[in-house]
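Undergrad: this is a predicted model, with the sequence first.
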Amino acid sequence: MKLFYFLDFLHLKKYGSPVTYDNYVNLEHGPIPSGILNLVNSAIDDIDSSALSDIISFETPDGTIMQRIVPARKFTDNDKKYFSKSQLDVMNEVVKDSEIKILNLLKMLHIKSLRGNARICLKISPIP
């Protein structure tokens, strides 16, 4: 969810418009896109009847309490047609710059809330 924040606000800063046009709410651990959060929560509750059922699944890595969103397929050239060049450029920039920055940010934001064996699970892949 944090990557959407970085995507929207970096694109807004560079080009004057966000990518998702979602409304952000400030939760305990930082801003979250509310529409996307609602979609993901409905998928967690009942993936089979979710609008995201053919796009994602969830897994809980061993030793954690967090769920990781797993894409059902790779991002294709056909998917790229839904985004402008500037949006794709910023997506790649966020992915490339984020692995270390996001990990550090998440540690900073979540370190006090982690319980038991909970760990941050982060795997980011560049957009082909």
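TA: Received the coordinates, thanks.
Undergrad: please report how far residue 23 lies from residue 32.
TA: 10 Å (Cβ to Cβ, to the nearest Å). Where C-beta positions appear, they are placed from N, C-alpha and C, glycine not excepted.
Undergrad: so those two - more neighbours on which side?
TA: Ranked by neighbour count (other Cβ atoms under 10 Å), residue 23 and residue 32 place residue 32 first, with 19 against 10.
Undergrad: quick one: secondary structure of that one?
TA: With DSSP: H, G, I helix; E, B strand; the rest coil as the basis, residue 32 sits in strand.
Undergrad: and if you look at the one 4 residues further on?
TA: When the structure is reduced to helix, strand and coil (three-state DSSP), residue 36 reads as helix.
Undergrad: might one say that it is in contact with residue 5?
TA: No: using Cβ atoms under 8 Å as the test, residue 36 is too far from residue 5 to be in contact (10.2 Å).
Undergrad: higher neighbour count, those two?
TA: Neighbours per residue (other Cβ under 10 Å) separate residue 36 from residue 5, with residue 5 holding more: 19 against 16.
Undergrad: what's the burial count for the closest residue to residue 53 other than its chain neighbours?
TA: Excluding the flanking residues, the one nearest residue 53 by Cβ to Cβ, 6 or more residues apart in numbering is residue 47, at 5.4 Å. The number of residues packed near residue 47 is 14, by other Cβ under 10 Å.
Undergrad: then the one 10 residues further on?
TA: The tally of other residues near residue 57 (other Cβ under 10 Å) stands at 15.
Undergrad: pop out the phi and psi values for it.
TA: Phi and psi for residue 57, reported as degrees, to the nearest 10, are phi -140, psi 180.
Undergrad: and for residue 18?
TA: Here is the backbone geometry of residue 18 (degrees, to the nearest 10): phi -80, psi 170.
Undergrad: residue contacts, the closest residue to it other than its chain neighbours?
TA: Distance criterion Cβ to Cβ, 6+ apart; nearest residue to residue 18, sequence neighbours excluded, is residue 8 at 3.9 Å. Neighbouring residues of residue 8 by Cβ atoms under 8 Å, 6 or more residues apart in numbering: 18-20, 22, 24, 33.
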